[in-house]
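Peer 1: fold the stuff below for me.
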Amino acid sequence: MTPRYTDVMTGAVRYQITHVSRYRYTTRVRQCAMLLCLEPREDRRQRLLHFEIETHPPGFINREKDSFGNARHVLDVQRAHRILEITARSTVESMPPGALPERLDAGVWDESRALRGSFADWDFVQPSALVAPSPALAAFVDRHRIEPGSDPLESLLRLSDTLHRRLHYIPGATSVESPVDHVLRTDRGVCQDYAHVMIAIARSWSIPARYVSGYLHVTGQSGERPPDNATHAWVECRLPGLGWTGFDPTNRSLAGVGHLCIAAGRDYRDVAPTRGVIQGGGDARLEVEVRVHADAAGATATPAKSEHAP
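Peer 2: Numbers count the residues shown, from 1 in each chain. From the prediction side, this is the model:
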């Protein structure tokens, strides 16, 4: 039996989050337009209490919603600049997930496969830009004897465990635009790669699966300092009777109270934190700083991997 979850927090926790994206350009930018995906999502486990965006130089900002229900902000900066700094400040309240059953009923596979043809889940069972079937994926599945069992929940837990053991967490081994095949060539990647591989396999089993971007806050044991750089990615799968259930294959766990969701989509491209076009600018370098602070104490969890994701 694979472990259900390592976080033993039992109550809601309020988090203060500061996310700074700083672009440095080699020549002056005359104008830029950017799409920002930085506002945390609200769902059954998470409430957004406050959100604000500040930019330097100042620009015009308009809020909208995308087709997946994520908040987006369109930024238009018409002042010349060599450095663009975007600071997002959030306050969210997170609840731990409910307990999962030991097993699901025998007929859940049939119910799950029936969802494959539903309009609501179409985007999450079909191939997407960075997640698609391939010979490399088929070879990886065959090599590690990955196959669904009689219980979809247990099958996903075992899949998450297998990816945690078989893939090697190596920052810089892939890029943010790497498709599934890139990580499978070397079995090396970061959290978004673990998520993409799990999504590809879950979809091949007819389980709706989506990519989740957000932050990871983990309280270290024995007085260890929590990670400062806490952008992260994990997977949610829709299971009949349970709804969207979060799996973190990078850390071999279920998504818990310290997994703070920004957005969900088909893969990374749908939820990139910043994306846009500029006039001028030459070469660009992006620096990302993330600070996550928990207002409530009492978390005890295993050390976890997280990463910067521009």
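Peer 1: the stretch 101-250 of the chain: helices as residue ranges?
Peer 2: For the stretch 101-250 of the chain, helices defined by DSSP state H, counting those that start in this stretch occupy the ranges 108-114, 135-143, 152-166, 180-186, 191-204.
Peer 1: CA atoms of stretch 155-171 as PDB?
Peer 2: Presented in PDB, the C-alpha positions along stretch 155-171 are these (Å, rounded to 0.1, in the frame of the first residue of the first chain):
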ATOM      1  CA  SER A 155      -3.600   2.700  -9.200                       C
ATOM      2  CA  LEU A 156      -2.900   6.500  -9.200                       C
ATOM      3  CA  LEU A 157      -1.200   6.200  -5.800                       C
ATOM      4  CA  ARG A 158       1.000   3.500  -7.100                       C
ATOM      5  CA  LEU A 159       1.700   5.500 -10.300                       C
ATOM      6  CA  SER A 160       2.700   8.500  -8.200                       C
ATOM      7  CA  ASP A 161       5.000   6.300  -6.100                       C
ATOM      8  CA  THR A 162       6.600   4.800  -9.200                       C
ATOM      9  CA  LEU A 163       7.400   8.200 -10.800                       C
ATOM     10  CA  HIS A 164       8.900   9.400  -7.500                       C
ATOM     11  CA  ARG A 165      11.200   6.400  -7.400                       C
ATOM     12  CA  ARG A 166      12.100   6.100 -11.100                       C
ATOM     13  CA  LEU A 167      12.500   9.800 -12.100                       C
ATOM     14  CA  HIS A 168      15.400  11.800 -10.700                       C
ATOM     15  CA  TYR A 169      14.800  15.400  -9.500                       C
ATOM     16  CA  ILE A 170      17.500  17.400 -11.300                       C
ATOM     17  CA  PRO A 171      16.900  21.200 -11.600                       C
END
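Peer 1: quick one: it to chain centroid distance?
Peer 2: Its chain's C-alpha centre and that of stretch 155-171 lie 15 Å apart, by C-alpha atoms, centre = their mean, to the nearest Å.
Peer 1: pull out the buried positions in that stretch.
Peer 2: Buried positions in stretch 155-171, judged by neighbour count with 16 or more other C-beta atoms under 10 Å: Ser155, Leu156, Leu157, Arg158, Leu159, Ser160, Asp161, Thr162, Leu163, His164, Leu167, Tyr169. From N, CA and C alone the C-beta is placed, and that goes for glycine too.
Peer 1: for stretch 173-186, same thing?
Peer 2: Ala173, Thr174, Ser178, Pro179, Val180, Asp181, His182, Val183, Leu184.
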